[in-house]
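> I would like the atomic coordinates for the input below:
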Amino acid sequence: MSEHHTRAELFRSLHTPGSPLVLVNAWDAASARVVAAAGARAVATTSAGVAWSLGASDGDILGRDAAVDLVRRITASVSLPVTADIESGYGTTPAEVGVTTRAVLDAGVVGVNIEDARREGGPPLRDVPDQCARIGAVRGAADAAGLPLFVNARIDTFLSGAGDVAETLDRATAYLAAGADGIFVPGVVDPATIGALVRAVPAPLNVLSGPGAPPVGDLARLGVARVSLGSSIAQAAYTVARRAADEALGAGTYDALADALDYGTLNALMR
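Below you'll find the predicted structure:
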């Protein structure tokens with residue numbers, strides 16, 4: 001069994017309801033190593049952070065090649081399993097989504113997030129049959145490669161305001177039948193709603209957390225299997241940059257930098 005296959009099996013095993021996998025999403029090699037050094041069990045990318053770091057906006061704007069190259073840098077920088085946020089697949093057709101999947105597999109990932117948000121106009125969410133075909137393309141590419149890729153199907157019903165629990169569950173059922181392994185429902189922080197989703201979805205449930213969301217311990221008691229911090233870490237990092245710039249260019253002081261990791265610690269992580 002290859003090392004890649006072993007990491008994929010390990011990553012799959014980390015999705016345990018009640019003992020959630022906590023993912024502090026990274027956007028470059030340095031942030032991935034910082035997260036790994038903190039004791040993370042796996043590393044996930046954030047598509048927003050990746051796009052911003054490469055000079056693009058989030059939302060299927062960044063090209064496949066640039067995204068895959070960045071993912072390859074992250075997988076090469078850590079020994080942990082890496083799962084990649086591939087937005088809606090960096091392709092307009094299921095076949096193109098399959099090409100993306102093969103590329104990120106070659107880059108060393110063991111999991112992907114694929115979302116049903118529609119960024120190119122029209123309704124906020126893709127039609128279910130269209131999204132199922134895209135998920136099927138991801139699963140087909142992974143099966144052809146002989147890798148147990150963990151396919152995390154993101155459902156944007158709550159983020160987009162386009163649906164409710166019932167539609168979320170209908171989509172989850174269809175996506176799991178199409179080949180997804182887990183269901184990701186960002187935008188839900190109400191414990192009762194999270195609990196209802198956990199009970200109704202017959203697969204590991206992933207939620208997006210941050211300020212205002214229940215602590216990890218509470219999510220564990222609700223039966224959540226995966227907790228992602230998403231783009232919030234990158235946003236916080238860029239907030240420090242903005243505060244430091246405002247302060248240096250305004251008051252001429254540097255208090256925003258007082259709690260920074262020291263140069264030696266960061267430099268040692270990159271050796």
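
> can I assume Asn113 is in contact with Asp85?
Yes. With the criterion set as Cβ atoms under 8 Å, Asn113 and Asp85 qualify as a contacting pair; they are 4.5 Å apart. (Glycine included, C-beta is placed from N, CA and C.)

> next, show the common contact partners of the two.
The overlap between the contact sets of Asn113 and Asp85 (Cβ atoms under 8 Å, 6 or more residues apart in numbering) consists of Ala44, Ser47.

> looking at those two, which is more packed in?
When Asn113 and Asp85 are compared on other Cβ atoms under 10 Å, the one with more neighbours turns out to be Asp85, at 28 against 25.

> what's the local residue count around the residue nearest to the more buried one when sequence neighbours are not counted?
Spatial nearest neighbour of Asp85, excluding adjacent residues (Cβ to Cβ, 6 or more residues apart in numbering): Ser47 at 4.1 Å. Other residues within reach of Ser47, judged by other Cβ under 10 Å, total 25.

> which residues does Ser47 contact?
Ser47 sits in contact with Asp58, Leu62, Ala67, Asp85, Ile86, Glu87, Asn113, Ser231, where contact means Cβ under 8 Å, 6+ apart.

> if you set the cut-off to 10 Å instead, what comes out?
25, 27, 58-62, 67, 84-88, 90, 113, 115, 230-231 (Cβ atoms under 10 Å, 6 or more residues apart in numbering).

> also Val110?
Contacts were defined as Cβ under 10 Å, 6+ apart; by that measure Val110 touches 4-12, 42, 75, 80-84, 104, 142, 147-150.

> need phi/psi at it.
phi -120, psi 0 (degrees, to the nearest 10).

> burial of the spatially closest residue to it that is not a sequence neighbour, as a residue count?
Leaving aside its chain neighbours, Val110 sits nearest to Ala8 (3.9 Å; criterion: Cβ to Cβ, 6+ apart). The number of residues packed around Ala8, counting by other Cβ under 10 Å, is 23.

> Three-state assignment for Ala8, please.
Three states are possible here, and by DSSP: H, G, I helix; E, B strand; the rest coil the one that applies to Ala8 is helix.

> pretty sure Ala172 contacts Val198?
No. Under the criterion of Cβ atoms under 10 Å, Ala172 makes no contact with Val198, lying 11.4 Å away.

> more neighbours, the two?
Between Ala172 and Val198, counted using other Cβ under 10 Å, the more crowded position is Ala172 (24 against 18).

> which helix or strand contains the more buried one?
Element membership for Ala172, per DSSP states H and E: helix 165-178.

> same question, Asp60
Per DSSP H and E: Asp60 is located in neither a helix nor a strand.

> residue contacts, it?
47, 51, 86-92, 115, 117-120.

> let's see it at 6 Å
Counting by Cβ atoms under 6 Å, 6 or more residues apart in numbering, Asp60 makes contact with Glu87, Ser88, Arg119.

> what are the phi and psi angles of it?
phi 60, psi 30.

> so for it, what's the nearest residue that isn't a sequence neighbour?
Distances taken as Cβ to Cβ, 6+ apart place Arg119 nearest to Asp60, at 4.5 Å, with adjacent residues excluded.

> doesn't that neighbour lie inside a strand?
No. Remark: Arg119 does not belong to a strand; assigned using three-state DSSP, it is coil.

> that one and Gly59 touch, don't they?
Yes. Here Arg119 lies in contact with Gly59, judged by Cβ atoms under 6 Å, at a distance of 4.6 Å.

> skipping adjacent residues, who's closest to Val128 in space?
With Cβ to Cβ, 6+ apart as the criterion, Val128 has its nearest non-adjacent residue at 5.0 Å, and that residue is Ala174.

> Ala84 should be in a strand, yeah?
Yes. Secondary structure assignment places Ala84 in a strand (three-state DSSP).

> so who does it touch?
Thr45, Val71, Val104, Val109, Val112.

> the same query, at a cut-off of 8 Å, please.
Ala44, Thr45, Val71, Val104, Ala107, Val109, Gly111, Val112, Asn113.

> same question for Glu87.
Residues counted as contacts of Glu87 (Cβ under 8 Å, 6+ apart) are Ser47, Asp58, Gly59, Asp60, Ile114, Glu115, Arg119.

> how about the nearest residue to the second one, chain neighbours excluded?
Counting by Cβ to Cβ, 6+ apart, the nearest residue to Asp58 once its immediate chain neighbours are dropped is Ala48, at 3.9 Å.
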